[in-house]
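>>> Attaching a predicted model along with its sequence, questions to come.
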Amino acid sequence: MKKLLLIVVLLTITLTFTFAQASVGGWGRGVFVPVAMADNDPQSVVMASWGPWGMRTGFTVSGSSDNVGMVIDITADNGGVGAGDQQKIWVKPHEMITLAVGRIFDDTLRGSGPFCMYNWVRLGSMNGDDLVFGRVGVKGQANAEIAIAPAPGAYIYAAFGASDPYGWDPFNIQSVVNLMDMLAYGQYGAGYDIAGIGMIRAQYLGIADVANAGAGAHGVIQAAFKVTAVEGLIADIGVHYNYDPDENVDATINIPLYVMYTMNTLTLHVAANFQLAEVADPSYKVGLGVEYGLSAGPTIQGDVRYQSDGATNVFGAGAFAKFSYSNGIFGIGAEVTNGNFAGGIVTKTDSEAITFCIPIRLEYWF
């Protein structure tokens with residue numbers, strides 16, 4: 001770890017002299033669950049919101065000039081040093097064009113709906129990130145992107161390596177792949193932010209030769225519109241068409257929705273995702289969250305979730321007290337569900353047993 005810190009310091013100093021702008025930032029979250037229990041022995045775990053695979057401690061080193069830049073994300077979860085979300089180089093040969101290679105995410109048009117319980121201990125299949133509109137790399141990191149901003153508010157992109165149906169490792173930019181395959185399972189999209197009204201966007205996530213890629217492989221068409229015309233209100237709704245060009249997998253249509261309304265210290269959240277399938281019963285997930293900031297105390301949060309696929313019905317609820325600081329969070333809460341939490345942190349002998357946990361959340365950013 002000392003060697004890692006020394007490398008970061010030296011890299012930051014080097015960047016400062018090399019780039020017009022250089023910085024080190026970071027984000028991390030750890031959730032200590034002293035008690036998690038259903039109908040078996042109580043269990044304890046230190047985890048991240050998305051599962052019991054250790055907490056997240058990470059930082060980002062970046063540098064940029066007018067035409068060239070780089071980003072390196074590093075994680076140090078549980079004492080093991082690894083690569084984070086992005087390690088990329090970007091170049092702007094023209095003020096409207098940006099080229100990037102490496103491990104890439106691009107959130108310019110992303111439409112997510114994370115709130116309350118999603119940021120504590122998630123239910124086993126809870127919507128949040130990329131709910132309404134997937135970011136570049138949503139099917140597995142992209143490793144090459146061409147982005148064009150032809151006019152204020154307009155954004156067009158083409159990205160490659162966003163899925164891996166043939167065993168091409170998208171994290172290894174030295175992999176060799178057939179040109180037509182790369183183009184076929186690329187990610188192509190565009191968006192336009194209409195000032196004072198909202199943002200419209202659409203994209204296609206392709207895949208080649210689904211029959212040889214295995215069951216469940218498919219292409220996706222997404223369209224979404226985010227309303228921003230009302231002060232304090234964000235309403236984002238989309239349509240996703242998931243299909244198999246070779247018709248080995250039934251097509252589905254998803255209609256996701258996320259709404260957030262803020263008034264003074266009160267914030268309301270609504271999230272939903274309705275899925276229609278050619279043969280299967282319709283399924284849906286809905287959630288309602290409330291946050292209220294006390295004048296001399298924590299923000300109190302409440303969250304209720306329900307999901308059904310016609311055969312199984314799962315509910316979840318949580319209540320939390322969150323103390324916010326200039327660069328972090330501390331809080332404690334309680335959650336309950338008739339299902340299970342992310343990563344199956346609770347052992348159940350009866351699948352219908354009620355499960356609960358007490359999460360204690362620590363988070364930082366700088």
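Structure received. Residues are numbered from 1 along each chain as shown.

>>> What does the most centrally placed residue in the chain show for phi and psi?
In the chain, the residue lying closest to the centroid (C-alpha atoms, centre = their mean) is Asp129, at 3.3 Å. When read as degrees, to the nearest 10, the backbone of Asp129 gives phi -60, psi 140.

>>> The helix or strand where Ser324 lies: which residues count as buried?
In this assignment (DSSP states H and E), Ser324 forms part of strand 313-325. By 16 or more other C-beta atoms under 10 Å, the buried positions in strand 313-325 come out as Val314, Gly316, Ala317, Gly318, Ala319, Phe320, Lys322. The way it works is simple: take the backbone N, C-alpha and C, and place the C-beta from them, glycine included.

>>> The second one and Thr337 touch, don't they?
Put plainly, it is Gly316. Yes - the pair Gly316 and Thr337 passes the contact test of C-beta atoms under 8 Å, sitting 3.8 Å apart.

>>> Determine the angle, from 0 to 180 degrees, between the helix or strand hosting Ile360 and strand 313-325.
Assigned by DSSP H and E, Ile360 belongs to strand 355-365. Put simply, strand 355-365 runs at 30 degrees to strand 313-325, going by axes from the mean of the first three to the mean of the last three C-alpha atoms, to 10 degrees.

>>> Listing partners with orientation, what would you give for strand 355-365?
strand 21-37 (antiparallel), strand 328-337 (antiparallel) (DSSP bridges).

>>> Contacts for the last one, please.
The set of residues that contact strand 328-337 without belonging to it, under C-beta atoms under 8 Å, 6 or more residues apart in numbering, is 117, 120-121, 123, 298, 301, 314-323, 341, 354-365.

>>> isn't Met199 right up against Gly191?
Yes - counting by C-beta under 8 Å, Gly191 is a contact partner of Met199 at 5.9 Å.

>>> List phi and psi for Met182.
Met182 adopts backbone torsions of phi -60, psi -40, taken as degrees, to the nearest 10.

>>> Please apply the same query to the one 3 residues further on.
Phi and psi for Tyr185, reported as degrees, to the nearest 10, are phi -110, psi 30.

>>> what about it, neighbour count?
25 (other C-beta atoms under 10 Å).

>>> Please report the distance of it from Gly191.
21 Å (C-beta to C-beta, to the nearest Å).

>>> Ok, His94 next?
20 Å.

>>> what about this structure, any weak spots by pLDDT?
1-20, 140-141, 162-176, 207-218, 245-249 (pLDDT under 70).

>>> the helices in it, which residues?
Along the chain, counting by DSSP state H, helices occupy 2-18, 179-184, 210-213.
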